[in-house]
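# what follows is a protein structure lacking sequence information:
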């Protein structure tokens with residue numbers, strides 16, 4: 001993976017990397033590692049969860065639509081693709097509202113990590129697509145350790161099925177150039 005990133009950097013002034021995959025598979029850990037190795041900006045898709053007023057039944061029943069990819073595209077990917085500074089307001093799950101803006105100055109490498117980062121409306125903006133995977137047992141153990149038993153149940157019954165629907169509908173894992181097993 002490091003060699004692929006270095007190869008891309010030898011051909012381009014700046015690159016955008018998407019790290020998608022199953023929750024609890026290690027996307028954030030990989031993004032942090034790449035962030036340190038390449039002095040990269042790391043932006044989290046979790047900051048673009050749908051706000052409460054956007055969570056319509058129709059939208060949530062459509063694969064890949066439980067993330068605000070429209071706002072992410074306009075506030076993050078378009079400015080990044082033009083190598084421009086920008087700011088965005090991350091969604092705070094605890095308050096169910098947008099937080100104070102975060103300002104980003106472009107770097108040679110930007111890593112977008114999180115489920116839905118490879119959504120078809122976002123796909124073409126990236127120079128490299130990575131899928132991070134893990135088995136179901138390990139996934140649930142990690143989520144329970146990270147979030148507690150009650151939240152793990154919500155993931156098992158709501159968020160994991162939504163992710164799986166998205167992965168299947170758009171062949172996300174199969175389409176990514178790099179696949180990581182954790």
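Looks like it arrived, so ask away. Nothing here was measured: the structure is a model prediction, and the numbers come from that model.

# going forward, measure contacts and count neighbours with C-alpha atoms only.
Will do.

# for residue 99, give me its contacts.
Residue 99 makes contacts with 89, 90, 91, 92, as judged by CA atoms under 8 Å, 6 or more residues apart in numbering.

# what pLDDT is listed against it?
The model reports residue 99 with a pLDDT of 96.

# lowest-confidence helix or strand of the protein?
helix 57-61 (a mean of 89; mean pLDDT, DSSP states H and E).

# residues in contact with the residue positioned nearest the centre of the chain?
Against the mean C-alpha coordinate of the chain, by CA atoms, centre = their mean, the closest residue is residue 114 at 2.1 Å. When contacts are counted by CA under 8 Å, 6+ apart, residue 114 touches 19, 20, 21, 27, 28, 44, 45, 46.

# now distance to residue 161, pLDDT and secondary structure too, for these, in CSV please.
Below are those laid out as CSV (distance: CA to CA, whole Å; pLDDT from 0 to 100; DSSP: H, G, I helix; E, B strand; the rest coil):
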residue, distance to residue 161, pLDDT, secondary structure
19, 19, 98, strand
20, 15, 98, strand
21, 13, 97, strand
27, 18, 96, helix
28, 20, 95, helix
44, 20, 97, strand
45, 18, 97, helix
46, 17, 94, helix
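
# quick revisit: relative to residue 123, which of the contacts of residue 99 is nearest.
Taking CA to CA as the measure, residue 123 sits nearest to residue 90 out of the contacts of residue 99, at 20.9 Å.

# and the closest one, how close does it get to residue 64?
19 Å (CA to CA, to the nearest Å).

# still on that earlier bit, out of the contacts of residue 99, the closest to residue 53 would be?
residue 91 (12.8 Å).

# list phi and psi for that closest one.
phi -80, psi 130 (degrees, to the nearest 10).

# sorry, back to before: what about the least confident helix or strand of the chain, distance to the chain center?
Counting by CA atoms, centre = their mean, to the nearest Å, helix 57-61 is centred 20 Å from the centre of its parent chain.

# that older thread, between residue 90 and residue 64, who's got more neighbours?
Higher neighbour count among residue 90 and residue 64: residue 64, with 24 against 20, using other CA atoms under 10 Å.
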